[in-house]
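Enquirer: sharing a sequence plus its predicted fold:
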Amino acid sequence: MWNDYTKSYIKNNRASGISIMAASLVAAMFLSLLCSLAYNFWIYEVEQIILEEGGWQGRIVCDKFDAGDLALVRQFANVEKAVINEELSEQGEIVADIYFRNARNIYRDMPLIAEQLGLKEDSIQYHSLLLSRYFIHDPEDETPPMLLTLYLAILMITALSLILIIRGSFELSMNARIHQFGILSSIGATPKQVRDCLLQEAAVLSAAPVILGSLSGIFISYGLIGAVNIFAADVTERHEAVFHYSPFIFAFTVLISMLTVLFSAWIPARKLSRMTPLEAIRNTGGLLLKKRKHSRILSVLFGMEGELAGNALKAQKKHLRISTLSLLLSFLGFSIMLSFTVLADISTRYTYFERYQDAWDIMITLKDTEISDFSLTDELRDISNVQDAAVYQKAEAMTFLPEGLQSNELSSLGGLEQVAGTPMADGQFQVSVPIVILDDTSFLNFCSQIGIAPSLDGAVVLNQIWDSINSNFRYKKYVPFVRKDNQATVLYKNGNSTEIPVLSYTQEVPVLREEYENYSLVHFIPLTMWNRTLGEVCEAESDSYIRILSTEAVTASLSDLDSLEKEAVQLVREYKTESENRIRERLSNSHLIFGMRVIFGAFCVLLAIIGIANVFSNTLGFLRQRKREFARYMSIGLTPQEMRKIFCIEAFVTAGKPLLITFPLTMLFVQFAVTASYLDPMEFWAEAPILPVLIFAAAIVLFVALAYYIGGKRLLKCNLNETLRNESE
Amino acid sequence: MEILRCNNIKKVFGKGESQVTALNGINLSVETGEFVAIVGASGSGKSTLLHILGSVDKPTCGTVTVDGVDISKLNAADSAIFRRRKVGLVYQFYNLIPTLTVEKNILMPMLLDKRKPDEDYFKMIVKTLGIADKLESLPSQLSGGQQQRTAIARSLIYRPVILFADEPTGNLDQKNSKEIIDLLKLSNRNFKQTILLITHDEKIALEADRIVTIEDGKIISDDFCNSAERLKGVTEERFIDPAERHKGMAEEHRGIPAEEWR
Amino acid sequence: MSILELRHIGKTYGEKENQVNALQDISLQVEEGEFAAIVGTSGSGKSTLLNLMGGLDNPTKGEIFIKNREIGSLSRKELTIFRRRNIGFVFQNYSLMPVLNVYDNVALPVTFDRGKHINRKYIEELLRELGIWEKRRKYPNELSGGQQQRVAIARALVNKPHLLLCDEPTGNLDSATTIEVMGLLKASCRKYQQTILMVTHNEAIAQTCDRVIHIEDGRIVTGKRRFPEKGGDEEC
């Protein structure tokens, strides 16, 4: 019989069956997509960490570590592998990487290993970043990194909201049928049989959609990762993401979805088993308000119909919650995302593309190359179309600055303490000194640029400090940093010090695509000077850079720069290089922003679809319950137009509420973001994504209106006067 | 003055095999100020008739004229306006709007027309009906009798030319039933309210001035009686003790040969 | 032998102010094979009484014995099984499953009992007798009221219940169909030795029964036994 009844019900109630199937499909798809993306994101993170820092979990750093020690370590049951890290090991400092079978016990085993080796606790290192990706935290750390936990929580919340969608659609269909189950029960179906029937029906209806949804979720995430790879192909420091999938995720999504479905069916069944058959038969599932409500705004706006619509909406509040929430989230997400990308776009343009548009056309990074080892500088300058080429390398040292050496301007602002918050020790400030080592020709050019006699016998000091009191970071004002008294700076690094003569103090910078650290005393040094003095005590960064300016300057086209870039790279092919050019970079940046918008926008659209689907299932699912309500209106003398007006108002509120909430919130966000980034609000409004936001809003309104239109039309087509006579139908 | 006139109303439900003729040629005329009871067993077609008279439903053929307007020809919007301004409808199951307070429920028909209700009239109605202290309650917080009073107040608020009541006491106990009928009589006497009451309960029908009996979609009797006679005590054939009368009907049924019962 | 016995039944609905005593102190015995009518006006509590007898609702006070079992002591499951094996219901609004055809609607209660095979011959006999065998593949909404009520009666009889409870079985039918349906009920009562309790507000219909129980405002007014021989003329 169960088969009979279930089959017939499914066959004869396509609409409710389809809404359940659609809900299961959409929810399972999202769940699967979300889990799959999260999984891939996690894998990618782990890969990136391993790529950058290695896959070791524990490390022993000590001055003596021989093969015997290695064998000792390997004897530990939990140790999978232990190797000497040749790359990092130096004379007197051996680094041994240890891989564990079960990394969960690492915080217990590592100290034991150290103890066995007779080493102190401080010679052990943990790869805590990698470990934290596996949720392994130092038990003694009271504030372990919770970022991943946060992501997981977000995932859970999203999953939960998806689950609510399935539940909502089930609740509707079940409530409409309590009457039928009452009859079944009155002619002798036990509560258990009714429950079995419901569960069976739920399983039959949603098995295929859940599996299909999970599969399509996988495909979508596969596609998304592909899309990300395409959009982000030009981003440096990024390895290509490879799609990963684990059968566990599939099992997990299917299991969770199915459990939700069964749980959703189980709840009305339980509700039913608490009712006497008579109560169930009498159940009309009509709208009921528990408390007196006044829909003031709506009744002021639309009169009586407004009040009726408002009260009806309040009575359906529970069922409309999901649609309100998902519509709100999707619209809010969409408009904030667009505003954010526009802001980010404006911001990068100002801080990067426009600021440096004269500073470079092509940049070539010489990987692991000392500037002194590079010998092709002149050849680069000889390439036709090259106006200028500069080669430089960066280094970092520090110096101590007595209070008296601060410039008058800085002192009058309150000194370094006020401006940079640098504390003073022994009457001196410790100031970091970024060093830019320029090739000699470029340095001489720089000397001419600032109007001093070209010389290679010293450094030029960038004598400026950001007046953080009177200006913001976007429109920085500078004051001189130090008095021009000192003829030399003493630089310290690694416990050594050296003295560099100062050729000049300047407030100009050489034409380089560089941004210098705030509150620091930048030194530009020619290569010969570096080799002679500082190079002895101070190591530079591993990479060197070539900055090329094209003769066409800002008028250069993409193909100009592309061919120039190719030529330059060809010239320096014996070095390991990475190159970029100004126009292509700008293009790939907008490409990236566009990709981000597409992916995020698609997500918002999907959210909107959930919301709209819910509105549909609500307006159509509630028809039976609302028949009586509208029959009453009709008997009092509401014209069909007035009843339509009620539907219009309901649609207006359902769609309008998310919009009304979103607009001020987006405004607030924009206001906040514009202020925080010190942008001129007018600049944002000139480029504000008003049109797409309006289109999105219009689409939401349109679909919600359509849902109510169809629902209302169907309802008004029903023969309402039958309903008036009977209490139970 | 004639307020209601039906000419040869027919109503057919369904199609083909399951076709049912609910009303089969009803002719009826009601004068202003009359209190008419329409009596018939369940399924006799009396509710269908009421729906047609109240313009909730349309006849398959025939005309219905209320206050000089042929309502069988009105379109949906006009018949809705007609319904709320010209007629009052009271049902067995009250049909109050569950989401509105009693006061709003009563004033609904006026508010829909954006009219200001007559304060004194409203106060008088709610006082007469004994629901003056329930105005702020929701229907679900009232007893059945109170809900029915609210429904009656709502039907009277527009001073309808005719009040239709479909089994208004069907869901109430005897005490409440009597009170509701008394209220209807009161409004008939005091406001000259024309009332058309549908009931299957002969005892209730006896309270009216005129009893129209319907069986299987046809009027089988239409009897006037004046209140004087009723006060004297019922002696006429029509007003015999109901129990006696039922017995009579039962006899009729028993007369049917056994084959037909199968 | 008494198949049904009610002892001091009371039923109250609602709370506080809106409290309604639907039934007060009802005591009643029904013998096997009786065809009894419960008569009262709407709101008198007659339907409530019938629902209590069938275990569809629980009394506030009192005990109900069917075949000497106190149904209040049964669990939900036991009660349901007891009901489907011993009691058939016919409602005024037919209460058929809209998604099942006539035959499946009638066979439905049998399928609740696992392992009990559907006696197709008996169902066919029932349907033929009720004149709806030709309509067995139709859905309820394709049938007239009278036909739907016949389906409901067939469904109530399919488990051969000892007790048949009917709530206004002719309430939505015209007089000719009413006579037919009443005839069918009487015939079934005789043929299958059933006890039938029928709620109606129609005195004329009630008078065709063996016994008439009057209810007014939740109390039995008179409940005297009338014996099946015809022409009995006692007060009701």
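Expert: Happy to help now that I have it. Residues are numbered from 1 along each chain as shown, chains lettered A, B, ... in the order given.

Enquirer: looks to me like A:Lys81 is in a strand.
Expert: Yes. Using DSSP: H, G, I helix; E, B strand; the rest coil, the assignment for A:Lys81 is a strand.

Enquirer: and A:Asn581, its phi and psi?
Expert: Here is the backbone geometry of A:Asn581 (degrees, to the nearest 10): phi -130, psi 160.

Enquirer: residue of chain B closest to chain A, please.
Expert: Residue nearest to chain A within chain B (Cβ to the nearest Cβ): B:Arg84, separated by 2.3 Å. In short, each C-beta sits where N, CA and C put it, glycine included.

Enquirer: now that residue: which helix or strand?
Expert: helix B:76-86 (DSSP states H and E).

Enquirer: now stretch A:403-419, how far from the chain's geometric center?
Expert: The chain centre lies 41 Å from the centre of stretch A:403-419; the measure is Cα atoms, centre = their mean, to the nearest Å.

Enquirer: and that stretch, which residues are buried?
Expert: By neighbour count with 16 or more other Cβ atoms under 10 Å in any protein chain shown, stretch A:403-419 contains the buried residues A:Leu405, A:Gln406, A:Ser407, A:Leu410, A:Leu413, A:Leu416, A:Val419.

Enquirer: stretch C:160-171 too?
Expert: Across stretch C:160-171, burial judged by 16+ other Cβ under 10 Å covers C:Pro161, C:His162, C:Leu163, C:Leu164, C:Leu165, C:Cys166, C:Asp167, C:Glu168, C:Pro169, C:Thr170, C:Gly171.

Enquirer: confirm that the fifth one sits in a strand.
Expert: If I follow you right, that is C:Leu165. Yes. Assigned with three-state DSSP, C:Leu165 falls within a strand.

Enquirer: can I get the buried residues of stretch C:160-171 in a markdown table with distance to chain A?
Expert: Formatted as a markdown table, those follow (distance: Cβ to the nearest Cβ, whole Å):
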| residue | distance to chain A |
| --- | --- |
| C:Pro161 | 10 |
| C:His162 | 14 |
| C:Leu163 | 13 |
| C:Leu164 | 12 |
| C:Leu165 | 10 |
| C:Cys166 | 13 |
| C:Asp167 | 11 |
| C:Glu168 | 12 |
| C:Pro169 | 15 |
| C:Thr170 | 16 |
| C:Gly171 | 11 |
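
Enquirer: taking these, tell me the two that lie furthest apart.
Expert: Across the buried residues of stretch C:160-171, no pair lies farther apart than C:His162 and C:Gly171, at 24.3 Å, counting by Cβ to Cβ.

Enquirer: now do the contacts for A:Leu660.
Expert: Counting by Cβ atoms under 8 Å, 6 or more residues apart in numbering or on different chains, A:Leu660 makes contact with nothing.

Enquirer: name the element it belongs to?
Expert: Using DSSP H and E, A:Leu660 falls in helix A:640-676.

Enquirer: related to what we said a few turns ago, can you count the residues close to the residue of chain B closest to chain A?
Expert: Other residues within reach of B:Arg84, judged by other Cβ atoms under 10 Å in any protein chain shown, total 24.

Enquirer: which one of the buried residues of stretch C:160-171 sits closest to chain B?
Expert: The closest of the buried residues of stretch C:160-171 to chain B turns out to be C:Gly171 (Cβ to the nearest Cβ; 4.5 Å).

Enquirer: and that closest one, helix, strand or coil?
Expert: coil.

Enquirer: repeat for B:Ile26
Expert: Under three-state DSSP, B:Ile26 falls in the strand class.

Enquirer: hang on, the earlier thing: who's in contact with the residue of chain B closest to chain A?
Expert: Taking Cβ under 8 Å, 6+ apart as the test, what B:Arg84 contacts is A:Ile636, A:Gly637, A:Leu638, B:Pro109, B:Leu112, B:Asp113, B:Tyr158.

Enquirer: mind doing that once more with 6 Å?
Expert: By Cβ atoms under 6 Å, 6 or more residues apart in numbering or on different chains, the residues touching B:Arg84 are A:Gly637, B:Pro109.

Enquirer: mind checking how far it is from B:Pro109?
Expert: Per Cβ to Cβ, to the nearest Å, B:Arg84 is found 4 Å from B:Pro109.

Enquirer: now the common contact residues for these two.
Expert: Contacts common to B:Arg84 and B:Pro109, judged by Cβ under 6 Å, 6+ apart, are A:Gly637.
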